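Chemist: Generate a structure from the sequence data that follows.
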Amino acid sequence: MAFKKIVRNKAFWRSVAGMAIAFAIVYHIITMLFEFGGFYFSAFFDEKIGGGRWLRFVLGTILSSFLYGFIVTYGLFIAKLKKEEREQL
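Modeler: Residues are numbered from 1 along each chain as shown. Reported below is the predicted structural model:
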């Protein structure tokens with residue numbers, strides 16, 4: 001089964017982690033630009049983690065980044081597997 005083959009691959013999980021980190025950085029920078037109109041890191045983080053909302057911010061970032069990284073990386077790996085199977089025929 002392709003799913004088991006992919007998720008057992010260490011390279012897959014490294015790619016998921018890299019994609020998740022990249023997504024979190026890009027997403028928060030874009031959000032900051034839309035909400036504050038510039039690179040105002042201190043104001044952005046004060047709003048997001050101020051008032052005891054830091055846990056929600058951190059968990060939301062981790063979960064959404066992981067989900068995005070997993071879906072995109074899985075798509076890349078399944079496409080790579082299918083391409084390799086076609087070339088073998």
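
Chemist: which of the residues in stretch 46-59 are buried?
Modeler: Neighbour-count burial for stretch 46-59, counted by 16 or more other CB atoms under 10 Å, picks out residue 48. In short, each C-beta sits where N, CA and C put it, glycine included.

Chemist: how far does that stretch stretch from start to finish?
Modeler: 17 Å (CA to CA, to the nearest Å).

Chemist: which residues sit in contact with residue 48?
Modeler: 54, 57 (CB atoms under 8 Å, 6 or more residues apart in numbering).

Chemist: Now the phi/psi pair for it, please.
Modeler: phi -80, psi -40 (degrees, to the nearest 10).

Chemist: Please save the CA atoms from stretch 74-88 in CSV.
Modeler: In CSV, the C-alpha atoms belonging to stretch 74-88 read as follows (Å, rounded to 0.1, in the frame of the first residue of the first chain):
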residue,chain,number,x,y,z
TYR,A,74,2.2,13.4,0.6
GLY,A,75,1.0,14.7,-2.8
LEU,A,76,4.6,15.2,-3.9
PHE,A,77,5.7,11.7,-2.7
ILE,A,78,2.7,9.9,-4.3
ALA,A,79,3.3,11.7,-7.6
LYS,A,80,7.0,10.6,-7.4
LEU,A,81,5.9,7.0,-6.7
LYS,A,82,3.5,7.0,-9.6
LYS,A,83,6.1,8.5,-11.9
GLU,A,84,8.6,5.8,-10.9
GLU,A,85,6.1,3.0,-11.5
ARG,A,86,5.3,4.4,-15.0
GLU,A,87,8.9,4.5,-15.9
GLN,A,88,9.4,0.9,-14.9
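
Chemist: Which residues does that stretch contact?
Modeler: Contacts for stretch 74-88 (CB under 8 Å, 6+ apart): 2, 5, 6, 9, 12, 15.

Chemist: Having no further points to raise, I will conclude here.
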